[in-house]
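Student: Kindly generate the corresponding structure for this input.
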Amino acid sequence: MKVQEKNLKNIMNEASLEKVSVEKASEDLFDFAIDRSDIKLILQSLPENKKINRVSVEYEIQLLKILAVGWSISFFLDESSLRKELSESFWNALHSFSQQISGISSSSTGKEIDYFNILKERLDTYLKVL
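Tutor: Numbering: from 1, shown residues only. Below you'll find the predicted structure:
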C-alpha cells in the first residue's frame, strides 16, 4: 500500500470518528457549496471554443453545486434526526448569502435581482427534467 493511500485511510477513519456540531457541518457544507476553486479548474479544462459561453457554464455549475449540496443533506441524512436541523441551517445560510449577492448585483446593475429565487427556479427546472 502506498504511503499516501495509507495516510488517506487514516485521515478518513479519524474524520469519521470525530463528532461535528450541526452548525459546523452546515458552515462547512455552505463553504464548500460556494467555493469556486473547483469550478475554475473545470473551466480551465474546457476546450477553447468560441461557441462555449464560459460565463454561462460557470454560472450553471455554481448553481448545480449549491443545489447538489442541499440535495445531498436530505438524501444522505434521510433517516437521521439531524437532517431537518442541518438542512435548515444550510439553506438559511445560503438565503443570507443570496440576499447579499442580490443587493450587490442590484446596486451594480440597477435591476432588482433575487438570487435565492433564481436558485429555487433553477431547482424547479432541474426537477422537471429528472
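Student: Which helix in this structure has the most residues?
Tutor: helix 83-109 (DSSP state H).
Student: Just list what that helix packs against, helices and strands only.
Tutor: Contacts defined by 3 or more Cβ pairs under 8 Å, 6 or more residues apart in numbering; DSSP states H and E place helix 83-109 against helix 22-34, helix 54-76, helix 115-129. Every C-beta, even on glycine, is put in place using the N, C-alpha and C of the backbone.
Student: What average pLDDT does that helix get?
Tutor: The average pLDDT within helix 83-109 is 92.
Student: circling back to that earlier point, which stretch among the helices and strands packed on helix 83-109 comes nearest Ala93?
Tutor: Nearest to Ala93 among these is helix 22-34 (4.5 Å), distances taken as Cβ to Cβ.
Student: Counting by contacts, list what the closest one packs against.
Tutor: With contacts defined as 3+ Cβ pairs under 8 Å, 6+ apart, helix 22-34 has these neighbours: helix 54-76, helix 83-109.
Student: what comes up buried for the longest one?
Tutor: The one in question is helix 83-109. 86-87, 89-91, 93-94, 97-98, 101-102 (16 or more other Cβ atoms under 10 Å).
Student: Asn49: what secondary structure?
Tutor: coil (DSSP: H, G, I helix; E, B strand; the rest coil).
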